[in-house]
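**Student:** Have a look at this fold, sequence not included:
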């Protein structure tokens, strides 16, 4: 594409393009690529003024134009949250110098990734323990260990390359990648484990350097001398020397790091000597001798003066004379000198193929040589022989070797210094692992083919004049390896002491672990002072262990856990196929990541099962601590995507069919109301929810608002916040939902229909009993409540209605005794059995006992009913007392209040053959009771004029509607005059009777229109005997419930169904009021039309 000379317009040649230039777009002023940038808010009006983009002028207030955005995106240098601290930790310049232009990173693949990885992988284990590993594990066993470990690191490198090339990876290496891929909880836990692994690696390097110093370089520098000591004393002296010198070296390194080291490179090798080493080994019988205090491998030598004894003779005999008393084994066996490094052509490989495991204190002997010894003789002069210093086994070798393949993260840790990190990290890391794996595998075969077995199994080279075994292969001198290894391990220790504090500082500055925030502070130039102090203390604990073989498995655990989560992160991202997962490195697969993760977990338990458990407990504790007390971070992690994917899968499974009865639990939709300030009016509903659910199952707390969504959006947000706050206070785990509609009835219906998702929907509704429903201004609540009952019945949903919810206990209360009474009148699928059981799981109701009452009719066998119910409860595994209540036909007249100003006088009888008259006629409308009138009436209503009763025959049942607080009746009222005691009552208020609406559509009469004709109309109504029978049942049941359960802490009973005819709604509420009158806490329950409890397992 080139510019036209006349019009200065780009011309497209090979690539098709469309270019649109608009006036004013050439000088972008957008300072941030983010939408709603506060820095550029002041320039918005000027920036978009008079641009030919009027169609998008509404978006210009909040969104930048692409023309101004591209420059910021292309040169974007801001780092994601948490990564900026990593870069600041690497910068040692003063605050003022940070304003200087930053140089572009120049490191390429070789210097930036390949060589750092090589330097970290070729470490102390290769020089100090590799030959010993081959000797103990055999060529085959060691090759398997090396292959497993190298395969693990290769698979981890593939996963790491995929993550590292999926966008910008700032300094922070594996911690950054894991935390941003798996979330702050996993990131913090694994980051701290990686920090501990790096710190213990520093301890291991320091111990390796001290071992080289005291055993191979300057043995006489030991503060605790080893000469003349045997067994445990010699081992203790060696460990004490390691502790003292290790502490000194650690202090020196920490001081160097504290003063300020910007780049710590490994020091060059130093050649101190040019003497050719002697690799011969001296054997007594088949036992390897410590070649330190003698010069000739012989008992005697021939001289011109005759046969003389050697220094070796004097080590095993009490004098230098030929007739001296000598060690029995020394006398019975000859001394043999063999070549320690016979070479590849010697065929020694066949002898070193298989493992030789030793117990601590066993003699290192040559297996193919015979010796003369008495099995009953004790071992004498043990310090003259080469002994096994530790008990060896396969898994120990794995733990000791694995640290030698760590260091693969060195390239990703330097990603901020790389010219092209997304290209250099995969190529450099995989090439370094390939190189080192080839070197290690070839070294195993080379050592097994060239070095004699007794030399390989001699960990400290005591049989080869105290030389480093691998140094015997060096040219021109073993000092090349010894001194080079010493400075290499010192440099590696310095790198650990430099990198670990910065990693801790980055974790602390991320703010995900509140307890570590102090370690985010440092010196003015960014050096992590407090983190360095913590690192030195932890490193000192590793040095006090004083054994390289004991420290190596510890850091293996932490590195393996880190690598395991790198593989897990890659596998999750690949399987979830998140839209942002677009790595440039294409040679990865989720199966390889899972294989790498499995190998890491296997190696953890192979190295040391108890260390693996400890490491997992540490990581798990950190995870739960961050989850409980850590700062909330949203990093777009894969765990959130995994949760979404798992939720989608589970929801699809739930769609396959309804849950089995055994899995049924109340999934509650809790309907609450809010006041004008959007505060919940019934907070105890959520307390009851918590007691029913105990954090299990689905809970949706919903409320309805009246209005339009656009106008009431802020109000709905406040209501949602109030719900969330109350749920948090009451410890209710679930979701909240606010619905806005033109009226509350529709909004509640929408909540009932639309709450939940797919198969995860509510199966029960919890709503409070409407208070003050008899008041005229609360009439709408009455209608909404009864419609809700009808809708739950139609939707096959269970319904729980607590009455007098304010009297229910809070979550902090405890009942030390009492009963939960269940009145099981009709079968509801077992809801009445299940709810008390769930309540008694909560600490509030735990000490309450359960009682179950059922009602027997006159023709029922009460004794058999009780036996059957007891057996049924036994099969249900529910402990409860059982009682059967009989309803008798014992007529007696009793006056009962059915409203605030109305009492009904009925003869109390059984439930059979009711012949009583109605208060209202459903075909003419219902009487709505308001404030009582001044007139007190006594209405005696009969369906047909009965014949005068005889002595043998009396009216069976009779209903009287009596108004309380009576006054003298009006003469026009066709009623019987009050008796003198009744007439003497104090004057009361008036009673107004109004018609709602007649069935024929005649409009309702206005209040106060109750004329004499209107009153006469009441007596002409045909009574509704169904309502009378319902009221009679409610009265009779209430009497029985009061008698049995007046002291119960909670009464549960079946909730009758609503009337099909809406003109009987008020009667229905009166029935329920009468049914529950006199009870403190009542929970009315309607089943959902299915069985919810079963006797089967």
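**Tutor:** Right, received. Where do you want to start? Quantities reported herein were computed from a predicted structural model and do not represent experimental measurements. Numbers count the residues shown, from 1 in each chain.
**Student:** okay, CA-based contacts and neighbour counts for the rest of this
**Tutor:** OK.
**Student:** Could you check how far the helix or strand residue 616 falls within is from the centre of its chain?
**Tutor:** Here residue 616, judged by DSSP states H and E, is contained in helix 609-629. Centroid separation between helix 609-629 and its chain, computed with CA atoms, centre = their mean, to the nearest Å, is 12 Å.
**Student:** got the buried residues for that helix?
**Tutor:** Under the neighbour-count criterion of 16 or more other CA atoms under 10 Å, helix 609-629 has 611, 612, 615, 616, 619, 620, 622, 623, 625, 626, 627 buried.
**Student:** for the nearest residue to the fifth one once chain neighbours are set aside, what are its contacts?
**Tutor:** When the adjacent residues along the chain are set aside, residue 619 lies closest to residue 189, with 5.0 Å between them (CA to CA, 6 or more residues apart in numbering). By CA atoms under 8 Å, 6 or more residues apart in numbering, residue 189 lies in contact with 619, 620, 622, 623.
**Student:** What pLDDT is listed against the second one?
**Tutor:** Residue 620 is assigned a predicted lDDT (pLDDT) of 87.
**Student:** Quick check: chain neighbours aside, which residue is closest to it?
**Tutor:** Nearest to residue 620 is residue 189, by CA to CA, 6+ apart, at 7.3 Å.
**Student:** before we move on, which element is that neighbour in?
**Tutor:** helix 173-211.
**Student:** right, and the helix or strand after the helix holding residue 616?
**Tutor:** Note on helix 609-629: by DSSP H and E, the next helix or strand toward the C-terminus is helix 638-654.
**Student:** what sits up against the helix or strand following that next one?
**Tutor:** Per DSSP H and E, the first helix or strand lying C-terminal to helix 638-654 is strand 668-671. Residues from elsewhere that reach strand 668-671, judged by CA under 8 Å, 6+ apart: 685-686, 689, 698-703, 752, 755, 762-768.
**Student:** how about a cut-off of 6 Å?
**Tutor:** Strand 668-671 is touched from outside by 699, 700, 701, 702, 703, 762, 764, 765, 766, 767, with contacts defined as CA atoms under 6 Å, 6 or more residues apart in numbering.
**Student:** Of the contacts of residue 189, which is the nearest to residue 149?
**Tutor:** The closest of these to residue 149 turns out to be residue 619 (CA to CA; 22.3 Å).
**Student:** What distance do you get for the closest one to residue 602?
**Tutor:** Distance, residue 619 to residue 602, using CA to CA, to the nearest Å: 17 Å.
**Student:** Tell me how many other residues crowd residue 780.
**Tutor:** 13 (other CA atoms under 10 Å).
**Student:** What is the one helix or strand it maps to packed up against?
**Tutor:** Following DSSP H and E, one finds residue 780 within helix 779-794. Judged by 3 or more CA pairs under 6 Å, 6 or more residues apart in numbering; DSSP states H and E, helix 779-794 is in contact with no other helix or strand.
**Student:** contact partners of that helix?
**Tutor:** Contacts of helix 779-794 with the rest of the structure, by CA under 6 Å, 6+ apart, involve 745, 773.
**Student:** Quick check: which helices or strands does the helix or strand following that helix pack against?
**Tutor:** Next in sequence after helix 779-794, counting helices and strands by DSSP H and E, comes strand 798-803. Secondary-structure packing of strand 798-803 (3+ CA pairs under 6 Å, 6+ apart): strand 764-767, strand 1082-1086.
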